[in-house]
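Participant: pasting a predicted model and its sequence here:
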Amino acid sequence: MISRIYGLGSVFGKTLRDSGRVALGLGLLVGILNLFTAATIADQFATAADRALFAAQMEALPALFQGLLGPPVNVEALPGFISWRMVGFLPIMVGFFSIVALTGTLAGEATSGTLELILSTPVSRVRLAVQKYGAHVVAVVVAMTLAAILTWVGAGAFATLPEDSLSILDALSEFGMVAVMALLAGSLGFALAPLLGRGVAAGVAAAYLFGSYAVNGYADIVPGFGILRQGSMFYWTEHHRPMAGAYDWPPVIGVAALAVSLAAIGVWLFQRRDLAATVGLGGRLRVRGRLLGNAPTDGWSLRGPGLRSLGERLPAALAWGGGLGLYGFVIAVSADEFAASLSAVPQIVEMIRQFYPNIDFSTAGGILQLAIFGFVALVAGVASGTLVAGWASDERAKRLELVMSTPIERVSWFIRSALGVLLSAFAIGIVIGLATALGAATAGDPALSVFSGGVVIGLYAAALAGFGILVFGLGFSQFAGGAVGGATLAFYLIDLLGGILQLPEFITDISLTRHLGEPMAGTYDWPGMAVCLAVAVGGTLVGAWRFARRDLG
């Protein structure tokens, strides 16, 4: 019975066993971050007067900043501040985990051929899909329960005022909302994966997750977002903040019901379609007078391991870049509205200029650098991790053994196929740069620096891919994609919490994103970009050297 719940006795147990450690690590990470935040706020704002002044300052923030954090509710209390500053963003973090897991649990295994073996046993497709999805639901619930318990412990341990008290029910209620929102994003990818494949489905689901977050936050500034926010799960659930004293259960239940519905669609499509058969989105292109079909089934994408690798990953890269680029385009077109919102609070403008003296916030480039650059770099890093994970799956699925049986040198295959991964990761930034530059030009602002910001994001994504390629070359193919995602999240959290936790400079400098400059505003950190290039190239070369000297598998 134990092995059927957590072990090799069932599909459910095996899936939960495979994802359980990652889920526990995610819950532990979130809980520890909330513990540190509670300790810092309680230490810096120990009296009621300090808290009241702090709350007034937060409420005075312009919409440009409140867009990504949401309106502050009861932030003078410790649980309310944690809800506003930390929990409000968690559906994005947990949602990415859910998307990667649910788009790969069936579509990824179908592509690798492992599902054919499983389905040769007396296990039906419906049972297989339901158990895999159910195991992921349990993993997310366990992770968020652990995070809620640690947050409850932290609020109780560091409470300095009567209103700092937090009940375990309030914590569980808020993190339950995070769980169902993350599962909705993952369920969307789960439903699309049988049709579009793992990479494109993950890109579409991530675009919805991030897009719903952005349109809800900036609906009062950007024309048209007010209509789009009607489809945002962040808008539906914005009044459910139990840790801040506000409950609104019907939208949360609605999100859960929608997630279950999408999961049912995914199960139905998986049952009805051929394994690994997807709908081509690339169309047909004519290059040098020759027709090229949908990559990677024919044409240029079969001409060697490099083009094959590029052809397999380019559609997903374009989907990720297109979603992020569309968001950047809308922000760039609405730069005047953002600038007016920022200028409405001169004190905030003066404070920002102390940290960003070289940014002109009256231009689209300045607004893009301040409002979205860091977050877009985060999503691009996650996208890079999915590309690396797909490439590394060749060894886990034993396809690489067949490739290596042909007259091709190991080093040659590794470098050429890894180059396809690096170019795909870089393409994410190119698409972002083109879309945002078009938005800046539409607004009448300089477009070249905005495009260069996208190029820098592409270079950063390629550097992260180079790190994953190194991990693969060292023999840890199962951790290659996760290592990229972990490094991306670590860099983002170091930037996010460096000031709050007053981390020493030698720790904050670990984050690679701190060394990218302010490229969308025209300020470049050339040594930092040289480091990105060195990581991408060096990771590939060292990985190739080690790959040539180790056994497969």
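Facilitator: Received, thanks. Numbering: from 1, shown residues only.
Participant: mind listing what's buried in stretch 320-334?
Facilitator: The neighbour-count check on stretch 320-334 (16 or more other CB atoms under 10 Å) flags 320-334 as buried. For every residue, glycine as well, the C-beta is placed using N, CA and C.
Participant: how about the residues you listed, which pair is most distant?
Facilitator: Farthest apart among the buried residues of stretch 320-334 by CB to CB are W320 and S334. That separation is 22.4 Å.
Participant: hang on, the earlier thing: and the buried residues of stretch 320-334, which is closest to W236?
Facilitator: Using CB to CB, Y327 comes nearest to W236 of those, at 19.6 Å.
Participant: which strands and helices sit next to the helix or strand where H136 lies?
Facilitator: Using DSSP states H and E, H136 falls within helix 125-157. If you count contacts as 3 or more CB pairs under 8 Å, 6 or more residues apart in numbering; DSSP states H and E, helix 125-157 packs onto helix 11-44, helix 78-85, helix 90-104, helix 114-119, helix 168-196, helix 249-272.
Participant: after the fifth one, which helix or strand is next? Please name it.
Facilitator: Next in sequence after helix 168-196, counting helices and strands by DSSP H and E, comes helix 198-217.
Participant: and that next one, how far out from the chain's middle?
Facilitator: Distance, stretch centre to chain centre, for helix 198-217: 9 Å (CA atoms, centre = their mean, to the nearest Å).
Participant: after the host helix or strand of S452, which helix or strand is next? Please name it.
Facilitator: Element membership of S452, judged by DSSP H and E, is helix 448-473. Note on helix 448-473: by DSSP H and E, the next helix or strand toward the C-terminus is helix 480-498.
Participant: how far out from the middle of the chain is that next one?
Facilitator: On CA atoms, centre = their mean, the centre of helix 480-498 falls 10 Å from that of its chain.
Participant: so it versus helix 448-473, what angle?
Facilitator: Between helix 480-498 and helix 448-473, the angle comes out at 130 degrees (axes from the mean of the first three to the mean of the last three CA atoms, to 10 degrees).
Participant: tell me which residues are up against helix 480-498.
Facilitator: 22, 33, 36-37, 93, 96, 100, 374, 377-378, 381-382, 384-386, 388-392, 464-465, 467-469, 471-472, 476, 503, 507-508, 510-514 (CB atoms under 8 Å, 6 or more residues apart in numbering).
Participant: select only the buried ones of these in PyMOL?
Facilitator: Per 16+ other CB under 10 Å, the buried members of the contacts of helix 480-498 correspond to this PyMOL selection:
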select buried, resi 22+33+36+37+93+96+100+374+377+378+381+382+384+385+386+388+389+390+391+392+464+465+467+468+469+471+472+508+511+512+513+514
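Participant: now do stretch 162-170: distance from first to last residue.
Facilitator: End-to-end distance of stretch 162-170 (CA to CA, to the nearest Å): 16 Å.
Participant: list the buried residues of that stretch.
Facilitator: 163-164, 166, 170.
Participant: what do you get for stretch 241-255?
Facilitator: Buried residues in stretch 241-255, counted by 16+ other CB under 10 Å: 241-244, 251-252, 255.
Participant: from these, which is closest to G543?
Facilitator: Of all the buried residues of stretch 241-255, V255 has the smallest distance to G543: 41.3 Å, by CB to CB.
Participant: now that closest one: how far from T386?
Facilitator: Per CB to CB, to the nearest Å, V255 is found 24 Å from T386.
Participant: ok, A335 next?
Facilitator: Look at A335 and T386: by CB to CB, they are 30 Å apart.
Participant: likewise G226?
Facilitator: Distance, G226 to T386, by CB to CB: 32 Å.
Participant: got it, and D525?
Facilitator: The gap separating D525 from T386 is 27 Å, by CB to CB.
Participant: ok, now T105?
Facilitator: For T105, the distance to T386 equals 14 Å [CB to CB].
Participant: rank the helices and strands packed on helix 125-157 by pLDDT, which is bottom?
Facilitator: Comparing mean pLDDT across the helices and strands packed on helix 125-157, the weakest is helix 114-119, with a mean of 59.
Participant: what does stretch 416-427 rub up against?
Facilitator: Under CB under 8 Å, 6+ apart, the answer for stretch 416-427 is 304-314, 316-318, 321, 380, 383-384, 387-388, 391, 458-459, 461-462, 464-466, 469, 536, 540, 543-544.
Participant: pull the distance from it to the chain's centre.
Facilitator: Stretch 416-427 sits 19 Å away from the centroid of its parent chain (CA atoms, centre = their mean).
Participant: neighbours of S98, how many?
Facilitator: Counted with other CB atoms under 10 Å, residues neighbouring S98 total 28.
Participant: need the contact list for it.
Facilitator: Neighbouring residues of S98 by CB under 8 Å, 6+ apart: 136, 140, 182-183, 185-187, 189.
Participant: ok, which pair from these is furthest apart?
Facilitator: For those, the maximum inter-member distance is 13.6 Å, found between V140 and G189 (CB to CB).
Participant: looking at the two, which has the bigger crowd around it?
Facilitator: Under the criterion of other CB under 10 Å, the comparison of V140 against G189 puts G189 first, with 31 against 26.
Participant: ok, that one to T386 distance?
Facilitator: Here the distance between G189 and T386 works out to 11 Å (CB to CB).
Participant: shared neighbours, these two?
Facilitator: By CB under 8 Å, 6+ apart, the residues touching both G189 and T386 are A202.
Participant: how about residues contacting stretch 543-553?
Facilitator: Outside stretch 543-553, the residues that touch it by CB under 8 Å, 6+ apart are 395, 398, 400-401, 404, 410-411, 414-415, 418, 469-475.
Participant: ditto for stretch 363-373
Facilitator: Residues outside stretch 363-373 that contact it (CB under 8 Å, 6+ apart): 64, 67-68, 327-328, 331-333, 335, 338-339, 342, 352, 356, 359-361, 436, 439-440, 443, 445-446, 449-450, 453, 457, 518-522.
Participant: and the host helix or strand of R416 with helix 198-217, angle?
Facilitator: Using DSSP H and E, R416 sits in helix 410-442. Put simply, helix 410-442 runs at 30 degrees to helix 198-217, going by the same axes, to 10 degrees.
Participant: could I get the buried residue list for helix 410-442?
Facilitator: Buried positions in helix 410-442, judged by neighbour count with 16+ other CB under 10 Å: 410, 413-441.
Participant: run the chain-centre distance for it.
Facilitator: Mean-position distance between helix 410-442 and its chain equals 17 Å (CA atoms, centre = their mean).
Participant: just the buried ones from the contacts of stretch 363-373?
Facilitator: 64, 67-68, 327-328, 331-333, 335, 338-339, 342, 352, 356, 359, 361, 436, 439-440, 443, 445, 449-450, 453, 457, 518-522.
Participant: now, which of those lie within strands?
Facilitator: Judged by DSSP state E, the subset of the buried ones among the contacts of stretch 363-373 located in strands is E518.
Participant: am I right that V126 is in contact with G266?
Facilitator: No: counting by CB atoms under 8 Å, G266 is not a contact partner of V126; they are 11.1 Å apart.
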